[in-house]
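[1] Just a sequence and a predicted model for now, questions to come.
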Amino acid sequence: MKLGRPPGVGIGFAVGAVTLFICATGNARADECDTMAAAIARAANLTAGHRTQANFIPMSPVDGEYGVYLNCAGTYGLNLRFMSPPDPPPEWFQFVGRSGSVLTKVPPLVLREGVQMCLNAAYESGRQHADFEHRGARFICDVGENDKRVELTITR
């Protein structure tokens with residue numbers, strides 16, 4: 001008679017180890033997102049809200065008029081979602097550069113340049129949409145035909 005482990009003990013251990021790893025990884029990502037939201041809020045004079053069921057952290061202005069959402073589980077990882085006022089003024093581009101640079105580590109001026117390039121590409125596309133990478137950041141933008149309001153996503 002052979003003595004050893006009861007049947008299934010090895011499988012149970014493996015399933016437990018994988019489950020623990022997945023839980024630990026999810027918590028690390030949650031911590032990364034919360035930490036990033038706090039850093040962006042400090043840099044852009046925003047107040048970070050509570051995470052939504054959809055895994056977004058809304059950030060609203062302390063003094064100012066522009067806000068942003070940090071998407072904690074986007075297709076490209078952490079990303080920022082912006083919605084501009086109609087026909088966005090230069091201050092909006094500055095806000096995007098300042099807040100986006102925290103996430104991407106790309107200088108604000110380069111991000112502002114990338115946003116303008118995204119808008120130009122969207123207008124030229126005929127679909128009012130563009131998606132491209134520029135100097136270390138990815139830009140996805142959609143522009144309203146009538147009011148020129150911009151829906152923008154920036155990721156690293």
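    Here it is on my side, so go on. Numbering: from 1, shown residues only.
[2] right, and the secondary structure at the residue positioned nearest the centre of the chain would be what?
    The structure's the chain has its C-alpha centroid closest to residue 79; by C-alpha atoms, centre = their mean the separation is 1.2 Å. Put simply, residue 79 is strand when judged by DSSP: H, G, I helix; E, B strand; the rest coil.
[3] ok so residue 142 is a helix residue?
    No: counting by three-state DSSP, residue 142 is located in no helix; its state is strand.
[4] for the residue nearest to the centre of the chain, what are its contacts?
    Shown in contact with residue 79 (C-beta atoms under 8 Å, 6 or more residues apart in numbering): 70, 71, 103, 153, 154, 155. Just so you know, the C-beta spots here come from the backbone N, C-alpha and C atoms, and that holds for glycine as well.
[5] how does it look with 7 Å?
    The contact partners of residue 79, taken as C-beta atoms under 7 Å, 6 or more residues apart in numbering, are 71, 153, 154, 155.
[6] Report the two of the residues you listed separated the most.
    Pairwise distances across the contacts of residue 79 peak at 10.4 Å for 71 and 154 (criterion: C-beta to C-beta).
[7] Who wins on neighbours among the contacts of residue 79?
    With neighbours taken as other C-beta atoms under 10 Å, the top of the contacts of residue 79 is residue 154, carrying 27 neighbours.
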